[in-house]
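>>> Here is my input, please return the structure:
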Amino acid sequence: MKIEEKLGRKIKQLRIIRGISQEELAFRCDLHRTYISSIELGKRNVSIRNIEKIALALNVELVEFFKNE
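Predicted coordinates:
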């Protein structure tokens, strides 16, 4: 599995655990909902700045996105 897919799955997992819709996450990050969707599907090579925005919106440390479970 590619890193983009792993990151996308982790973001989706954390978003769902927090009960946040893609639309709400996009609003909190100041990103477009379809962009969030494509990230979660592993179709985007996300910039570190946007990864930081998403981490802040989900209230997690950046390292959470890269932990293996």
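>>> from here on, contacts and neighbour counts on C-alpha atoms
Noted.
>>> I'd assumed residue 39 was in contact with residue 8.
Yes: counting by CA atoms under 8 Å, residue 8 touches residue 39, with 5.2 Å between them.
>>> Residue 46 - how many residues pack around it?
16 (other CA atoms under 10 Å).
>>> tell me the secondary structure for it?
Of the three states, residue 46 takes coil under DSSP: H, G, I helix; E, B strand; the rest coil.
>>> What distance do you get for it to residue 31?
Going from residue 46 to residue 31 by CA to CA, to the nearest Å gives 12 Å.
>>> now residue 44
In terms of CA to CA, residue 44 sits 13 Å off from residue 31.
>>> Just the terminal-to-terminal distance for stretch 28-42.
20 Å.
>>> Tell me the buried residues in that stretch?
Buried positions in stretch 28-42, judged by neighbour count with 16 or more other CA atoms under 10 Å: 29, 33, 36-37, 39-42.
>>> Residue 55 reaches residue 66, doesn't it?
No: the criterion here is CA under 8 Å, and residue 55 misses it with residue 66 at 11.5 Å.
>>> and the two? which has more neighbours close in?
residue 55 (19 against 13).
>>> for stretch 32-49, the distance to its chain's centre please.
Stretch 32-49 sits 7 Å away from the centroid of its parent chain (CA atoms, centre = their mean, to the nearest Å).
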